[in-house]
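In: got a sequence here, can you build the structure:
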Amino acid sequence: MRRTALVALLTFACAAAPAAAAPSLLHVGDSLGVGSDPPLRRLLPGWSITSDVLKNRTTAVGVAIIDRQSSLPDSLVVELGTNDSPDQSDRFAGYVRHVLALAGPNRCVVWVNVHRPPFNGVSYAAFNRVLDQIAATSSNLAVVDWNGMVDAGRAEVAGDGVHSTPAGYQTRATAIAQALQGCQSATSSTGSHTIAPAKKRHRSAPKPRAKPKRKPATKPKAIKVYTPAAAKPTPAAARAEPDDGGGSGSALPFILGALAVLALGSGGYLLARRRRAN
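Out: This is a model prediction of the structure:
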């Protein structure tokens, strides 16, 4: 009878214990998001992922989708900006800040920067600078430097210079997954925790302690999944000496020597003529 009651109690306890919730993710993007979504899902098998990706989507349309959500998951992956006009970087910055405001400080936002040829003669460098600048003051924004990866030969794009190859999409998805892990680690300490109250103890009044000096607040560092390594400087011994335009440093000894030879030659010639005249 006691054994039956114990089994029933354990069964009830196991059933009542809540299962750990799977990490949740909202993935919003354009055609590049369409290509990276399948490998990203394979890389995050335990995640609950909601995807809304569609080709030719602009940042305005994608942000409106995020804005309409009744509630947001743990993390957001945003692949937007490639279909915008590159001369609208101020508007793009407003969209990025709006998404961060919707997410709040405890949700990770991973945003992939832009790699594509200039549009109407204007490059997308300003868009990428916007992401770097905002990430430098936002601890929960992780920037995937897709542009740097492609420029450094770490990822492949197709002939149009915009869309990726299958191998490139795998690389892109891997970088996004790494960004999610890094962003979650950075923001995990800011989550909600329940702490049991400490038991009261009767103690003598503690001596007053000097207040510790407050350290100056430091800005959170931007989370970069990949940043191209800077080119190594050329060793000093291998550098060419600067050309001063005149070459006077190395030619002066030669000129002086030539003048000396001419002087000796002319002196000998004059001496020979005097002898013949006598």
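
In: contacts, neighbours, all on C-alpha from now
Out: OK.

In: helices of this protein, start to end?
Out: Ranges of helices in the chain, per DSSP state H, are 2-16, 31-43, 59-67, 89-103, 125-135, 146-151, 166-187, 248-277.

In: output the below-cut-off pLDDT ranges for this protein.
Out: 1-20, 186-278 (pLDDT under 70).

In: residues contacting Leu44?
Out: Residues near Leu44 by Cα atoms under 8 Å, 6 or more residues apart in numbering: Ala177.

In: distance check, it against Ser138.
Out: For Leu44, the distance to Ser138 equals 25 Å [Cα to Cα, to the nearest Å].

In: ok, Cys183 next?
Out: 11 Å.

In: settle it for me: which of those two has more neighbours?
Out: Applying other Cα atoms under 10 Å to Cys183 and Ser138 shows that Cys183 carries more neighbours, namely 24 against 19.

In: how about the more buried one, nearest residue that isn't a chain neighbour?
Out: Cys108 (5.7 Å; Cα to Cα, 6 or more residues apart in numbering).

In: bridged to the one you found, which residues?
Out: Ser75 (DSSP bridges).

In: so it sits against Val78, correct?
Out: No - Cys108 sits out of contact with Val78 when judged by Cα atoms under 8 Å, with a separation of 10.8 Å.

In: compare these two (neighbour count), which wins?
Out: Cys108 (29 against 26).

In: tell me who's in contact with Leu54.
Out: By Cα under 8 Å, 6+ apart, the neighbours of Leu54 are 29-31, 33-34.

In: hmm, try it at 7 Å
Out: Shown in contact with Leu54 (Cα atoms under 7 Å, 6 or more residues apart in numbering): 29-31, 34.

In: give me every residue that touches Trp111.
Out: 77-79, 142-144.

In: now, those residues that are in strands?
Out: Taking DSSP state E, the ones among the contacts of Trp111 that sit in strands are 77-79, 142-144.

In: show me the contact partners of stretch 127-134.
Out: So stretch 127-134 is contacted by 89, 93, 113-114, 143 (Cα under 7 Å, 6+ apart).

In: one more time with 8 Å
Out: 81, 86, 89, 92-93, 96-97, 111, 113-114, 141, 143, 222.

In: can you tell me which of those is nearest Ile65?
Out: Val96 (13.6 Å; Cα to Cα).

In: mind checking how far Ser70 is from Tyr95?
Out: 19 Å.

In: next: Val53.
Out: Look at Val53 and Tyr95: by Cα to Cα, they are 17 Å apart.

In: got it, and Gly161?
Out: For Gly161 relative to Tyr95 (Cα to Cα), the value is 25 Å.

In: between those two, who's got more neighbours?
Out: Higher neighbour count among Gly161 and Tyr95: Tyr95, with 18 against 12, using other Cα under 10 Å.

In: hmm, the more buried one is touching Thr58, no?
Out: No - in this structure Tyr95 lies outside contact range of Thr58 using Cα under 8 Å: 11.0 Å.

In: that older thread, and the contacts of stretch 127-134, which two are the farthest apart?
Out: Pro86 and Ala222 (22.7 Å).

In: okay, buried residues for stretch 60-79 please.
Out: Buried residues in stretch 60-79, counted by 16 or more other Cα atoms under 10 Å: 62-63, 66, 72-79.

In: please apply the same query to stretch 88-98.
Out: Buried residues in stretch 88-98 (16+ other Cα under 10 Å): 89, 92-93, 95-96.

In: burial check on the nearest residue to Ala167 once chain neighbours are set aside, number of neighbours?
Out: Of all residues not flanking Ala167 in the chain, Glu156 sits nearest, at 6.9 Å (Cα to Cα, 6+ apart). For Glu156, the count of nearby residues is 22 (other Cα under 10 Å).

In: Tyr169 now?
Out: 24.

In: for it, give its distance to His115.
Out: 13 Å.

In: now do Asp151
Out: From Asp151 to His115 the distance is 9 Å (Cα to Cα).

In: between those two, which one's more packed in?
Out: His115 (23 against 12).

In: quick check on the more buried one: phi, psi?
Out: The phi and psi torsions at His115 (degrees, to the nearest 10) take the values phi -130, psi 110.
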